[in-house]
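[1] Here's a sequence, model it:
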Amino acid sequence: MSLPTNDPRPPYQLAANRLRAEITSGRLKPGDRLPSSRELRDTLGIANATVHAALRVLRDEGLIYSVHGRGNYVADPEQHPTVDPIGELASEWAGEFTIDYTPPAWYTQYKESAQADHAKAAPPPPVTADQTVSLAEILLGVREQLRHVTGEVVSLKQQIAGLEEKVSRLENPGVN
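    Now for the predicted structure:
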């Protein structure tokens with residue numbers, strides 16, 4: 001049951017996802033003890049630090065809780081509800097704060113002049129059929145530019161190798 005090696009996500013996220021799936025599917029029920037860190041390490045093929053990071057993610061999500069010296073257990077949502085402190089504060093403080101803000105005069109003048117300049121500006125000319133470029137054409141152009149740059153790099157490397165050879169011959173005239 002090792003983790004996929006071709007997934008770009010960090011291993012601790014993959015391990016947390018695997019354990020989360022076990023919990024949400026009901027294979028691990030509230031109160032069930034999770035396998036030990038050593039068992040998870042061996043089963044998933046990951047390091048101890050990765051196991052601990054995955055468990056920390058699940059603990060932060062409220063899916064598990066830890067008992068020091070005993071292990072990690074699946075949390076009961078009724079006994080260990082997920083806490084949303086920001087949401088609680090937002091609903092508690094709703095309407096208590098008002099902002100009385102007047103922007104400075106220089107900003108107001110700048111904004112008005114910018115709006116006036118924008119209103120005076122002529123709309124852009126319509127795009128004609130011969131001006132449209134597809135994304136594929138752009139990518140082909142970029143690819144050709146990269147090939148050109150790559151060719152220049154190869155050429156420069158060859159020139160450097162030739163110069164290094166000349167310097168070597170000048171420094172060591174008796175050695176061919």
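[2] Could I get the full set of helices for this protein?
    Per DSSP state H, the chain carries helices over the ranges 11-24, 37-44, 48-60, 85-93, 105-120, 135-171.
[3] Using TSV, lay out the ones you listed together with distance to residue 74.
    The way it works is simple: take the backbone N, C-alpha and C, and place the C-beta from them, glycine included. As requested, these are exported to TSV (distance: least, Cβ to Cβ, whole Å):
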stretch	distance to residue 74
helix 11-24	6
helix 37-44	14
helix 48-60	9
helix 85-93	23
helix 105-120	55
helix 135-171	48
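[4] Nearest to residue 66 among the ones you listed would be which one?
    For the helices of the chain, proximity to residue 66 was assessed by Cβ to Cβ; helix 48-60 is nearest, at 6.4 Å.
[5] picking that back up, of all the helices of the chain, which one is nearest residue 69?
    For residue 69, the closest of the helices of the chain is helix 37-44, at 12.7 Å, according to Cβ to Cβ.
[6] State the mean pLDDT of that closest one.
    The predicted model assigns helix 37-44 a mean pLDDT of 92.
[7] Same check on stretch 141-160?
    79.
[8] Can I get it in PDB? Just the C-alpha atoms.
    Extracted C-alpha coordinates of stretch 141-160, given in PDB (Å, rounded to 0.1, in the frame of the first residue of the first chain):
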ATOM      1  CA  GLY A 141       7.000  30.600 -32.300                       C
ATOM      2  CA  VAL A 142       8.200  30.200 -28.800                       C
ATOM      3  CA  ARG A 143       9.400  26.700 -29.500                       C
ATOM      4  CA  GLU A 144      11.400  28.000 -32.500                       C
ATOM      5  CA  GLN A 145      12.900  30.700 -30.400                       C
ATOM      6  CA  LEU A 146      13.900  28.200 -27.800                       C
ATOM      7  CA  ARG A 147      15.500  26.000 -30.400                       C
ATOM      8  CA  HIS A 148      17.500  29.000 -31.700                       C
ATOM      9  CA  VAL A 149      18.700  29.900 -28.200                       C
ATOM     10  CA  THR A 150      19.600  26.200 -27.500                       C
ATOM     11  CA  GLY A 151      21.600  26.200 -30.700                       C
ATOM     12  CA  GLU A 152      23.400  29.400 -29.600                       C
ATOM     13  CA  VAL A 153      24.200  27.800 -26.300                       C
ATOM     14  CA  VAL A 154      25.700  24.700 -28.000                       C
ATOM     15  CA  SER A 155      27.700  26.900 -30.300                       C
ATOM     16  CA  LEU A 156      29.000  28.900 -27.300                       C
ATOM     17  CA  LYS A 157      30.000  25.700 -25.500                       C
ATOM     18  CA  GLN A 158      31.900  24.500 -28.500                       C
ATOM     19  CA  GLN A 159      33.700  27.900 -28.800                       C
ATOM     20  CA  ILE A 160      34.600  27.800 -25.100                       C
END
